[in-house]
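>>> no sequence for this one, just the structure:
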């Protein structure tokens, strides 16, 4: 971040009519936005919520409670304004941008081959990069893709260790038999790709998905343009794990919007040293948890920009 | 609550285009508001944030980092629009109502006598009752009062057990010597009033404060009028502990807006079976944490009222 702007924002926080530190994370968020936006008084006039959608070969293995057609149906629902993210984006004053990526061409079943070859992976990464505006005050990233909690769990297992039993959660709500199929799928993928697991980008291509690759590309573009980012839940966070394996501080411009109820998300957040802003037992994806967290950023900036200083208000300081 | 309205809201949540339960606490909040407002589609058009202010005899014992004059100075800051709660209330679309209660007549030092006699206590309780509109969609309660974390800690110790060391936190930021003075003050009060500790209302008068009594009165009025309530942090929650001791379900219309960073708040919330909506390390009081939580209620209702059903959107259900 821009250290001078962050420092000026931190000084301003100390002068406002409240005990120092008493707004807790709202103070930290204002300072974080100031640093990345490069101004003492950050703004949230131009917020983009980018939701990427993809389909997955492993859906054929019965790892989701819903059929693959739901990915495209939900993209249509986003376009019609009927999904949760439409309502939350409007409330939060954010522009919603939905990018379906080759929904009619699912990735390959990664238990028997790579999900994507290098060219497919780079196209998806670039789709994410190009979805980020040249200038914005905040980027929020999320996803839609039937079967993609299995993909996210596989990425975590590949890059953090453990097998399916450690990382497979219930996603949209699979039953016990479906949960066993998720674990089996993850374990089969780990075995097939065991020679690849020390190559983060290789893992992201072979064991990932197009919408996850696009999230990684968008987060990289935001970093290049100094745009702060809110990550959504388990899938969106797993999508950037390969980046963190390449460069430890590459996510310094990111905050975790929330802790998902999906198994594995808390552990993944700890691994990435990301403290979630919300913990509401949400597990919907489509950027919904992070979009709710925009409201907290607005509260942080309302205080940062609107409060009187001790001097202005004639309030006595600490004894 | 109104069980038919809550049940209708729960049914609606099941029909919306998302896996059942995937909006987590946002679903529960919509159903809770539906129950207390008595309609399947609850509203948040008329929100009152009531902030009560009082002064405390025990402030003379050096238990706060700030002098007692700050209570009135902050009330003036509220009137001028310069405090954190002014900014958050505007963002959340809520009306702010501030009620200073006899700031020039602090309660008595409760280490050597009762803080309030019965008449004073009832006047303060009634001030809170009368601050609640006849009809509202939501009430948010908070407080301002130099030294009142010591008062709240004393109430907790009196009604939940333990001594000063268990309940005294740093409040606005006392140093180590101030913390020792808080503990000593609490212990002295417990000793002086030891014959009274099985009488919740007696404790609320003798060991409480006017702004805390007013919060209890407002919460009772809201219950009588079926208005749902968001409680702010440690002091506001301690203020309703005596009510819970009188009738276990008396807080069924309340939710905890946030978990404060102040020592003791989490334990108090557990005692009252209240799960906080936010956990942002805030410790400012003046209803600020609960007012931020209004934003979550708005997100809950935006989804509840605005989302398409599976049938409307043509989205397939679970397999």
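Right, received. Where do you want to start? Remember, predicted model here, so these are calculated numbers, not experimental data.

>>> Walking through chain A, point out its helices one by one.
A:3-15, A:25-37, A:69-80, A:84-92, A:118-130, A:148-160, A:164-167, A:176-192, A:200-206, A:210-224, A:234-246, A:265-271, A:288-306, A:310-313 (DSSP state H).

>>> what's the angle between the fourth one and helix A:288-306?
Right, the one you point to is helix A:84-92. 10 degrees (axes from the mean of the first three to the mean of the last three Cα atoms, to 10 degrees).

>>> what about helix A:84-92 and chain B, any contact?
Yes. Counting by Cβ under 8 Å from any Cβ of the partner chain, chain B is contacted by helix A:84-92 at A:84, A:86-88, A:90-91. For the C-beta atoms, the positions are set from N, CA and C on the backbone; glycine is no exception.

>>> what residues are up against whichever residue of the stretch 151-300 of chain A sits closest to chain B?
Across the stretch 151-300 of chain A, the shortest distance to chain B (Cβ to the nearest Cβ) belongs to residue A:281, at 3.1 Å. By Cβ atoms under 8 Å, 6 or more residues apart in numbering or on different chains, the contact set of residue A:281 is A:261, B:24-25.

>>> Look up how far residue B:153 lies from it.
31 Å (Cβ to Cβ, to the nearest Å).

>>> swap in residue A:190?
In terms of Cβ to Cβ, residue A:190 sits 52 Å off from residue B:153.

>>> Settle it for me: which of those two has more neighbours?
A direct count of neighbours by other Cβ atoms under 10 Å in any protein chain shown for residue A:190 and residue B:153 places residue B:153 higher, at 32 against 21.

>>> on that earlier part again, make a markdown table out of the helices of chain A and add mean pLDDT.
Listed next are the helices of chain A as a markdown table, based on pLDDT from 0 to 100:
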| stretch | mean pLDDT |
| --- | --- |
| helix A:3-15 | 97 |
| helix A:25-37 | 98 |
| helix A:69-80 | 98 |
| helix A:84-92 | 98 |
| helix A:118-130 | 98 |
| helix A:148-160 | 98 |
| helix A:164-167 | 97 |
| helix A:176-192 | 98 |
| helix A:200-206 | 98 |
| helix A:210-224 | 98 |
| helix A:234-246 | 98 |
| helix A:265-271 | 98 |
| helix A:288-306 | 98 |
| helix A:310-313 | 95 |
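
>>> so of these, which one's packed in deepest?
helix A:148-160 (a mean of 28; mean count of other Cβ atoms under 10 Å in any protein chain shown).

>>> For residue A:161, grab the count of nearby residues.
11.

>>> pLDDT wise, what is it at?
Residue A:161 is assigned 97 on the pLDDT scale.

>>> how close does it get to residue A:167?
10 Å.

>>> Isn't residue A:289 up against residue A:261?
No. In this structure, residue A:289 is not within contact of residue A:261 by Cβ atoms under 8 Å, at 9.7 Å.

>>> Overlap of the contact sets of the two?
residue A:282.

>>> contacting residues for the closest residue to residue A:183 other than its chain neighbours?
Nearest non-adjacent residue to residue A:183, counting by Cβ to Cβ, 6 or more residues apart in numbering or on different chains: residue A:164, 3.2 Å away. Applying Cβ under 8 Å, 6+ apart, we find residue A:164 in contact with A:153, A:157, A:182-187, A:190.

>>> repeat that for 6 Å
A:183, A:186-187 (Cβ atoms under 6 Å, 6 or more residues apart in numbering or on different chains).
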